[in-house]
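Colleague: next come a sequence and a model predicted from it.
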Amino acid sequence: MAETAKKSRLSRSRTRSAWLFLAPMLVTLAVVAAWPLGRTIWFSFTDASLDLMSDARWVGFRNYLEYVEWGDGEGQYYGLLADARWWRSVWNTILFAVVSVSFETLFGLVIALVLNQQFRGRGLVRAAVLIPWAIPTIVSAKMWAWMLHDQFGIINDMLQGLGLISQPIAWTASPDTAMVAVLMVDIWKTTPFMALLILAGLQMVPQDIYEAAKLDGVPAWRVFRKITLPLIMPAVLVAVVFRTLDALRVFDIVYVLTPNTDATRTMSVYARENLFDYDQFAYGSAASTLLFLVIALITITFIMATRMDLEGKRS
Amino acid sequence: MASVELINVSKSYGNVQVLRDINLSLEQGEFVVFVGPSGCGKSTLLRMIAGLEDITGGELRIDGAPMNDVMPARRGIAMVFQSYALYPHMTVYENMSFGLEQAKLSTPEIEARVQAAAKMLQIEELLGRKPRQLSGGQRQRVAIGRAITRDPRVFLFDEPLSNLDAALRVDTRLEIAALGQRLPDTTMIYVTHDQVEAMTLADRIVVLNGGNVEQVGTPMELYSEPASQFVAGFIGSPRMNFLSGAVAEAHGAVTYGIRPEHIALSSDAGDWAGKVTLTERLGSDTFVHAEVEGIGAVNVRIEGRADVSAGQAVFLTPDAASVHLFDAAGRPVAGRPDA
């Protein structure tokens, strides 16, 4: 009797200290994540503008979708969901995310496989590979903007020098190449991050099974496909989710490299334009809310589809 | 024709030589154990036979054919790793069949081989499981099973028992001995640092020390006629007593060696007078540690229970026929009998 009471007191105190340790993180999350998110969602259902934040009135779904009758039996849909520019931004964002993450995964995998080999100066190369990732995005975007400049850029100069192009290309200004330019810079910048995460996965693979495969006479390509790839897949999937989340809310690189063009406007850029440039705070909030929903949906779908092992139960 | 032949085989990493001029000839079907302390080069030697390490000097032959430059998979060997080295994402069946698929065997042939190996090792009901769902002992069986399916000419074991707990180790040791008998045409090479494993499993033992072969012989040869002080100390448990000083000089040697089981204990009379410092009782045996005047600490092994306790005065009598004498370099010397 006395013993069970003692035991439950012990476990009660353990629970208490667990909550105590969790509290700072929960409070921080509430302040920096939950509160702003809640506010944004609230504003998306109001008529708030930048100078009238406190007087914002509830307007229901008007910012998302509203049918306005013109009186003669005809009418038109207004709101975010009826805005072609918004849908173009959604398409741009998804295109950006799919293409950039695909290439980053592919290149990251190749680099990780190389960095996982023993060679002289490996430590130096590993550190050097990380440089693009270490440079702040604004800085690298500005740097690339200069390199891609149509008149003074080194890229055009080199391509012309090699005779690959006859006319300088306005990489960031032309609608045909703007997205390519953004993708190129993002892939350059983020591949090291991918490589690092995949390298961590590679280093978890025990070396002795490669020796077993050697004794089994398995050729290198089959070792990669049948042993390495399945074993690093969990790490790759986690990296892909991280990167996809990042890519779906891409803002800075687009904002610096190709401001104000339909060809590269992403959901984040669209939301910011409305929030601050066009003084449509409520409308921008609605865009932010939809952006949040899209990211949440894609992430959940991806995790379920790949049956990702988030709790580490299977490893 | 020898099954496995090593001719002046050596191994060096840069300037560091880890194995020097190893010459060995293993008969087909022989169970040979490489034993030695850690760092003696025994695992490296095994990995050179497997083809996982380059041979930097000398020649390796299997069934007469030179093997130095032959791919591991084409040497007709199979290996059981210390850590089992099972493919973690494959089932037991796939672990055993993966190498066979590579060897371009037909599916029914693969199926038959896997089933036969599984039956031999009683792991048939585990074929659908992944390695993480298996106990250490089961994983070990799967690793052995995978090796068996390759139908090797030479079976290599790299410290296969060192990741198992003590009870399982004894059981698995017996199974490996039984496996050796069931595959009478397969040469077995087994690496261990545990002299008990070496003694119980081997037809012949190769004792390695510091990159050299100290002695090759049957377990009983090594026990009764050790070729060096190192072998004498390494083989046998508890360790042989090594005594120096007057007792050795009296026999014209630097070191006087006598195994604990070759000393008689008496409370009335004997050659050496001493005092018991400690007793270890195992039930079947008792180890009596005594301090002998003018000689030093001596360990005596008594069968059954010895009726002595710490502090008690005892007399010890070494069996003169079982004394081993060594010179300063640890080489055996023919002593003057019973000086």
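Modeller: Yep, it's here. All values derive from a computational prediction rather than experimental measurement. Residues are numbered from 1 along each chain as shown, chains lettered A, B, ... in the order given.
Colleague: make sure B:F287 is indeed in a helix.
Modeller: No - looking at B:F287 with DSSP: H, G, I helix; E, B strand; the rest coil, it is strand, so not inside a helix.
Colleague: quick check: the gap between the residue lying closest to it once chain neighbours are set aside and B:R259.
Modeller: Distances taken as C-beta to C-beta, 6 or more residues apart in numbering or on different chains place B:E280 nearest to B:F287, at 4.2 Å, with adjacent residues excluded. Where C-beta positions appear, they are placed from N, C-alpha and C, glycine not excepted. As judged by C-beta to C-beta, to the nearest Å, B:E280 and B:R259 stand 16 Å apart.
Colleague: tell me which of these two has more neighbours.
Modeller: Applying other C-beta atoms under 10 Å in any protein chain shown to B:E280 and B:R259 shows that B:R259 carries more neighbours, namely 24 against 12.
Colleague: quick check: that one touching B:M240?
Modeller: Yes - using C-beta atoms under 8 Å, B:R259 is in contact with B:M240, at 4.9 Å.
Colleague: which strands or helices does the one helix or strand A:R9 maps to pack on?
Modeller: Using DSSP states H and E, A:R9 sits within helix A:2-29. The criterion is 3 or more C-beta pairs under 8 Å, 6 or more residues apart in numbering or on different chains; DSSP states H and E, and there are no helices or strands that helix A:2-29 contacts.
Colleague: domain ranges for chain A?
Modeller: As assigned by automatic domain parsing, chain A contains the domains A:2-78, A:83-305.
Colleague: neighbours of residue 22, how many?
Modeller: Picking chain A for this. A:L22, neighbours per other C-beta under 10 Å, totals 10.
Colleague: that's the other chain; I wanted chain B
Modeller: Counted with other C-beta under 10 Å, residues neighbouring B:I22 total 23.
Colleague: and it, its phi and psi?
Modeller: The phi/psi pair for B:I22 (degrees, to the nearest 10) reads phi -80, psi 120.
Colleague: which pLDDT value belongs to it?
Modeller: Confidence at B:I22, expressed as pLDDT, is 94.
Colleague: got the confidence number for the residue in the stretch 1-150 of chain B that chain A sits nearest to?
Modeller: The nearest approach of the stretch 1-150 of chain B to chain A comes at B:A73, 2.6 Å away (C-beta to the nearest C-beta). pLDDT recorded at B:A73 is 90.
Colleague: so it is in contact with B:L100, correct?
Modeller: No - the pair B:A73 / B:L100 is not scored as a contact, 11.4 Å apart, by C-beta under 8 Å.
Colleague: chain A contacts on chain B?
Modeller: Within reach of chain A by C-beta under 8 Å from any C-beta of the partner chain, chain B has these residues: B:50-52, B:71-74, B:77-79, B:81-83, B:85-89, B:98-99, B:102-103, B:146, B:150.
Colleague: list buried residues within these.
Modeller: B:50-52, B:72-73, B:77-79, B:81-83, B:85-89, B:98-99, B:102, B:146, B:150 (16 or more other C-beta atoms under 10 Å in any protein chain shown).
Colleague: quick revisit: can you get me a residue count around the nearest residue to the residue of the stretch 1-150 of chain B closest to chain A once chain neighbours are set aside?
Modeller: Among residues not flanking B:A73 along the chain, A:G217 sits closest, at 2.6 Å (C-beta to C-beta, 6+ apart). Using other C-beta under 10 Å, A:G217 is surrounded by 16 other residues.
Colleague: quick one: contacts for A:G217?
Modeller: B:71-74, B:99, B:102-103 (C-beta atoms under 8 Å, 6 or more residues apart in numbering or on different chains).
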